[in-house]
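> Compute the structure for the input listed below.
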Amino acid sequence: LNGRAYVDLRPFGIDSRRDGVLLVNHAKNEANYAISQVNNADDEWDGTWTIQVRDNRSNGLEQDPLIWVFVPKSNAEIVSGMFTADGTILIHSGQTPAFTVTNFSNGEWLLKVPGRSPADGVLVISGACGGGYNADNIFTFEPNSQGDGWIIQSRDLPNCGLQNMDDTDVVCSFAFIPAEKPGITVTPNDNLKTTEDGGTAQFTVTLNGYPKPTANVTINLSSSDLTEGTVSPSSLTFTPADWNVPQTVTLTGVDDAAADGTQPYQVNLSTTTSTDPNYNGLVSGNVYAINLDNEPGVAVDASRVTTTEAGGTDTFQVWLTAAPTADVTINLSSSDLTEATISPATLTFTTADYSTPQTVTVTGVDDFVQDGPVAYFVVTMAASSADPAFNGFDAIDINGENIDNDLAGVIIPASKQVVSEPNTTASFPVVLNSEPTAN
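The predicted structure is shown next:
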């Protein structure tokens with residue numbers, strides 16, 4: 001109304017004073033600009049934003065279209081924040097600020113995001129000084145001469161001269177959207193299957209990120225167990241011309257005479273070598289595979305499973321590679337029932353269905369502690385059977401990982417408390433967002 005608009009996200013649990021930043025812009029081809037302010041005046045609008053649309057020439061309010069976007073502080077992939085004229089950080093994304101800001105000259109601030117530069121991302125700024133005496137200021141920026149940060153300027157209308165602000169005045173909100181850093185994508189990288197009959201499996205390797213490489217990039221590959229699987233080729237070279245074209249790697253199972261069941265192995269990918277420093281020394285990771293036996297025994301089609309604390313599941317299958325003369329029973333269990341459960345806990349194979357794969361489901365278990373991804377095992381017990389060829393056969397255990405869904409933090413409700421003189425009180429609840437491991 002009359003050049004002002006209120007943005008109220010409190011019904012969604014979002015408080016403008018702590019939960020993120022608002023970026024605004026004028027949305028009409030006129031000589032106007034938009035700024036915002038965080039409302040914190042001890043009234044019914046606390047925790048909201050006011051957006052103003054102003055005329056570049058008169059500084060007066062003008063009723064025009066505008067746009068806004070809210071960037072939550074919980075989104076740590078985007079570096080966002082808001083700061084005052086003396087460089088005090090009021091809001092920042094993530095647990096701790098991922099940027100620095102310094103008022104180094106009249107009406108100028110140096111913003112830096114360590115490990116990033118103007119060459120590998122996009123910066124968006126938005127004036128946030130609508131609540132002070134500098135509502136007639138516009139804000140511009142450009143990369144600094146060293147190329148490791150941005151110089152943000154405050155210019156006073158209508159003459160556009162550089163202008164300092166009071167130390168506690170809010171300058172602007174910003175969001176830095178980083179480009180993808182140089183890296184390596186391997187697809188798929190888990191539970192590839194080869195067979196002792198010479199069966200093969202494939203995966204692809206691709207370079208990705210910005211900027212593209214300026215020199216060749218080489219990755220060496222090797223098998224962790226040549227008695228189970230071989231790798232071809234043994235090295236990959238990406239050039240500046242084909243750097244983002246996937247290259248295929250083939251695994252081939254190796255035969256042996258042992259009745260050893262499914263056996264895990266992995267393909268080791270070396271760190272990259274290149275004369276381009278952006279692509280030298282990148283960690284490629286490993287590819288995990290299994291080699292299925294062709295002698296009588298117990299086959300398992302995976303060596304790794306992933307679950308989540310939100311109840312996410314993963315599955316694998318078990319079967320016999322030859323017909324038994326009697327029933328074969330295999331018991332399964334979780335090494336850590338606080339992280340994962342197994343169903344069913346018992347598999348029985350008969351002479352009639354021995355080769356039909358039976359599916360085992362692994363389910364993640366929730367807790368209230370921020371404990372990150374936690375490893376566990378699906379334990380396959382030794383088989384029991386009246387058939388001596390299968391009795392005591394011990395299939396491989398399955399490596400598991402349960403992904404966390406907790407984030408440590410303190411929750412304070414976005415509500416206003418009123419007290420009056422003398423000696424009246426008010427209260428509000430404070431709770432933790434996750435279970436602590438100590439007081």
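> Report the spatially closest residue to residue 76, excluding sequence-adjacent ones.
Leaving out its chain neighbours, the residue that sits closest to residue 76 by C-beta to C-beta, 6 or more residues apart in numbering is residue 94, at 4.0 Å. Quick note: C-beta positions are derived from backbone N, CA and C, even for glycine.
> Roughly how far does the one you found sit from residue 316?
36 Å (C-beta to C-beta, to the nearest Å).
> quick one, which of the two is more surrounded?
Legend: neighbour count by other C-beta atoms under 10 Å for residue 94 and residue 316, higher for residue 316 (19 against 16).
> just checking, that one touches residue 306?
No. Counting by C-beta atoms under 8 Å, residue 316 sits too far from residue 306 to count as a contact (11.3 Å).
> what residues are shared contacts of the two?
Shared contacts of residue 316 and residue 306 (C-beta atoms under 8 Å, 6 or more residues apart in numbering): none.
> helix or strand for residue 67, which one?
Residue 67 belongs to strand 66-72 when assigned by DSSP states H and E.
> List the buried residues in that strand.
66, 68, 70, 71 (16 or more other C-beta atoms under 10 Å).
> from those residues, which is closest to residue 423?
residue 70 (39.6 Å; C-beta to C-beta).
> ok, that closest one to residue 127 distance?
16 Å.
> Likewise for residue 187?
44 Å.
> Tell me which of those two has more neighbours.
Ranked by neighbour count (other C-beta under 10 Å), residue 187 and residue 127 place residue 127 first, with 25 against 10.
> what pairs with the nearest residue to the more buried one once chain neighbours are set aside across the strands?
Leaving aside its sequence neighbours, residue 127 sits nearest to residue 35 (C-beta to C-beta, 6+ apart; 3.8 Å). In this structure, residue 35 bridges to residue 52 when assessed by DSSP bridges.
> Next up, the contacts around residue 35.
24, 51, 52, 54, 126, 127, 128, 129, 130, 135, 137.
> By neighbour count, which of the residues you listed wins?
residue 128 (28 neighbours).
> Turn the buried residues of strand 66-72 into a markdown table, including distance to residue 213.
Formatted as a markdown table, the buried residues of strand 66-72 follow (distance: C-beta to C-beta, whole Å):
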| residue | distance to residue 213 |
| --- | --- |
| 66 | 42 |
| 68 | 39 |
| 70 | 37 |
| 71 | 31 |
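> Of those residues, which is the nearest to residue 355?
After measuring the buried residues of strand 66-72 against residue 355 - C-beta to C-beta - the closest member comes out as residue 71, at 55.2 Å.
> Tell me who's in contact with the nearest residue to residue 403 once chain neighbours are set aside.
Closest residue to residue 403 apart from its sequence neighbours, by C-beta to C-beta, 6+ apart: residue 308 at 4.4 Å. Neighbour list for residue 308: 364, 402, 403, 405 [criterion: C-beta under 8 Å, 6+ apart].
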